[in-house]
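> Okay, here's the prediction I keep looking at, along with the sequence it came from:
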Amino acid sequence: MNRRTIFRAGAAAAATTLSAPAIAQGRLEWRMVTAWPRNLPGPGTQAQRVADRITALTGGRITVRLFAAGEIVPAFGVFDAVSQGTVDLYHASGQFWFSRSRAAAIIGSFPFGLTNGELISWLRYGGAQERYEELYARFNLQPFICGNSGPQWTGFFRRELGGPEDLRGLKMRAGGLIGAVYQRLGAAVQQMPVGEVFQALQAGTIDGAEFAGPWSDGPLGFGQVARFYYQPCGQEPSASLETVIHKPRFDALPDDLKLAVRLACESMNEEAIAEWDHRNPLALREMVERQGVQVRAVPEPVVRALAEAAWAVMRELREDPDPLNRAIIESYIAYRNRAVEFAGRAYTPTNAGRALLPWT
């Protein structure tokens, strides 16, 4: 699938009308809006799977119809649309909601923070899930984590990076709090929906862009105009996806439907991670061999500068005046430090040992 196929599908869906009632013969018809182009590999396709799974696990008592970014709600408008009850649920990432809550953005993704497995451990066993739900309840929302891209790639750049000085003045599309890190290092950061990035790169409006990883990035065509593709360096160890429902509508469900909806969302988490891990290596090979993308490692001085800037940003965030935001952030920091210490004793030496001898 290429970017033209993705956007043609979105245009066709946008031409349909919304004539179905919210309730038909005792069955609910929910509208899901997303922050992604329709059928974008990764978040776009997984959002559709969540919608289909809710329909299946509820036995059709709830039918979910998906509308991609811009079809009825702009990509960054989905939070407010569901909060206000204009539509029923959305699929996006918490990293987009910094203006509503610093803690929500951190749960979505934080530079040099938690990996996907650590994030789920923190939510399920570290007491964070209850606070996550309490935070979103302020906005009439019921959230569920429903996927994760794993380590995000640093991004596509028109020019190679030599050192931190190359970031100063760089026009960069960077979503979420990684944007705040780049800004601290002098980059001119622009937040824009992923569907607008290719044209901005092509027009020279931006010099670089990050999104997810090879499977999702390849079809968007960024490598056609920005050939240097920098691999992960810890700048985004993970990026979680969330399905979020208008809370009054979720609360009104009988217990069996609440459980079915929860399972439909949460079951996608492991499945999404596994799919990205499977498809990313294959997509990367195709990008290199067929599209001429040149993979680069991020220079160590750039990694260090990003890490130092990330910690500076976190020190500012932990001063949030809101007690709930502050409690979530402090819990995140403590869990991250414990996880990094253990990973250094377990996963780092394990991966180093695996890399010693290729099996060829």
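Structure received. Numbers count the residues shown, from 1 in each chain.

> In contact with N269, which residues?
Contacts of N269 were listed using CB atoms under 8 Å, 6 or more residues apart in numbering, and they are 120, 145-148. C-beta coordinates here come from the backbone N, C-alpha and C atoms, glycine included.

> CA atoms only: put the helix or strand hosting R336 into PDB for me.
Assigned by DSSP states H and E, R336 belongs to helix 323-345. Below are the C-alpha coordinates for helix 323-345, written out as PDB (Å, rounded to 0.1, in the frame of the first residue of the first chain):
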ATOM      1  CA  PRO A 323      -1.800  17.300  42.100                       C
ATOM      2  CA  LEU A 324      -3.100  14.400  39.900                       C
ATOM      3  CA  ASN A 325      -0.800  15.300  37.000                       C
ATOM      4  CA  ARG A 326       2.100  15.600  39.400                       C
ATOM      5  CA  ALA A 327       1.300  12.300  41.100                       C
ATOM      6  CA  ILE A 328       1.300  10.500  37.700                       C
ATOM      7  CA  ILE A 329       4.500  12.100  36.600                       C
ATOM      8  CA  GLU A 330       6.300  11.300  39.900                       C
ATOM      9  CA  SER A 331       5.100   7.700  39.600                       C
ATOM     10  CA  TYR A 332       6.300   7.500  36.000                       C
ATOM     11  CA  ILE A 333       9.800   8.800  36.900                       C
ATOM     12  CA  ALA A 334      10.200   6.300  39.800                       C
ATOM     13  CA  TYR A 335       9.000   3.400  37.700                       C
ATOM     14  CA  ARG A 336      11.200   4.400  34.800                       C
ATOM     15  CA  ASN A 337      14.300   4.500  37.000                       C
ATOM     16  CA  ARG A 338      13.700   1.100  38.500                       C
ATOM     17  CA  ALA A 339      13.000  -0.300  35.000                       C
ATOM     18  CA  VAL A 340      16.200   1.200  33.500                       C
ATOM     19  CA  GLU A 341      18.300  -0.300  36.300                       C
ATOM     20  CA  PHE A 342      16.800  -3.800  35.800                       C
ATOM     21  CA  ALA A 343      17.100  -3.600  32.000                       C
ATOM     22  CA  GLY A 344      20.800  -2.800  32.400                       C
ATOM     23  CA  ARG A 345      21.200  -6.000  34.300                       C
END
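
> Okay, angle between the helix or strand following that helix and helix 323-345 too, please.
On the C-terminal side of helix 323-345, the closest following helix or strand by DSSP H and E is helix 347-355. On the basis of axes from the mean of the first three to the mean of the last three CA atoms, to 10 degrees, helix 347-355 is oriented at 40 degrees to helix 323-345.

> Can you name the residues that contact V189?
V189 neighbours (CB under 8 Å, 6+ apart): 172-174, 179-180, 182-183.

> Format those residues as JSON lines; extra columns: neighbour count, secondary structure and distance to E133.
Conversion of these to JSON lines gives the following (neighbours: other CB atoms under 10 Å; DSSP: H, G, I helix; E, B strand; the rest coil; distance: CB to CB, whole Å):
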{"residue": "M172", "neighbour count": "22", "secondary structure": "strand", "distance to E133": "33"}
{"residue": "R173", "neighbour count": "26", "secondary structure": "strand", "distance to E133": "31"}
{"residue": "A174", "neighbour count": "27", "secondary structure": "coil", "distance to E133": "28"}
{"residue": "G179", "neighbour count": "21", "secondary structure": "helix", "distance to E133": "26"}
{"residue": "A180", "neighbour count": "21", "secondary structure": "helix", "distance to E133": "25"}
{"residue": "Y182", "neighbour count": "24", "secondary structure": "helix", "distance to E133": "31"}
{"residue": "Q183", "neighbour count": "16", "secondary structure": "helix", "distance to E133": "31"}
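
> Where is the longest helix in this structure?
The residue-count maximum for a helix in the chain (DSSP state H) belongs to helix 255-291.

> what residues does the next helix or strand after that one touch?
Per DSSP H and E, the first helix or strand lying C-terminal to helix 255-291 is strand 294-296. Applying CB under 8 Å, 6+ apart, the contact partners of strand 294-296 are 160-161, 227-231, 284, 288.

> Just the mean pLDDT for stretch 27-41, thanks.
Averaged across stretch 27-41, pLDDT comes to 97.

> what comes up buried for stretch 290-306?
For stretch 290-306, the neighbour count (16 or more other CB atoms under 10 Å) marks 293, 298-299, 302-303, 305-306 as buried.

> So which of these sit within helices?
Counting by DSSP H, the part of those found in helices is 302-303, 305-306.

> From these, pick the one nearest L357.
Using CB to CB, V303 comes nearest to L357 of these, at 26.0 Å.

> so who does that closest one touch?
Shown in contact with V303 (CB under 8 Å, 6+ apart): 233-235.

> Please repeat the previous calculation with a cut-off of 7 Å.
V303 sits next to 233-234 when contact means CB atoms under 7 Å, 6 or more residues apart in numbering.

> Could you do G108 as well?
Residues in contact with G108 (CB under 7 Å, 6+ apart) are 93-96, 176, 239-240.

> Which stretches in the stretch 1-150 of the chain count as helices?
For the stretch 1-150 of the chain, the helices defined by DSSP state H, counting those that start in this stretch occupy 3-14, 43-57, 78-83, 102-108, 116-125, 128-137.

> On the three-state scheme, Y229 is what?
In three-state terms, and counting by DSSP: H, G, I helix; E, B strand; the rest coil, Y229 is strand.

> want to throw the contacts of strand 294-296 into CSV with distance to W215, neighbour count and pLDDT?
Below are those laid out as CSV (distance: CB to CB, whole Å; neighbours: other CB atoms under 10 Å; pLDDT from 0 to 100):
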residue, distance to W215, neighbour count, pLDDT
E160, 24, 12, 98
L161, 23, 21, 98
R227, 19, 17, 97
F228, 19, 18, 98
Y229, 13, 23, 98
Y230, 17, 22, 98
Q231, 14, 15, 98
L284, 8, 20, 98
V288, 14, 15, 97
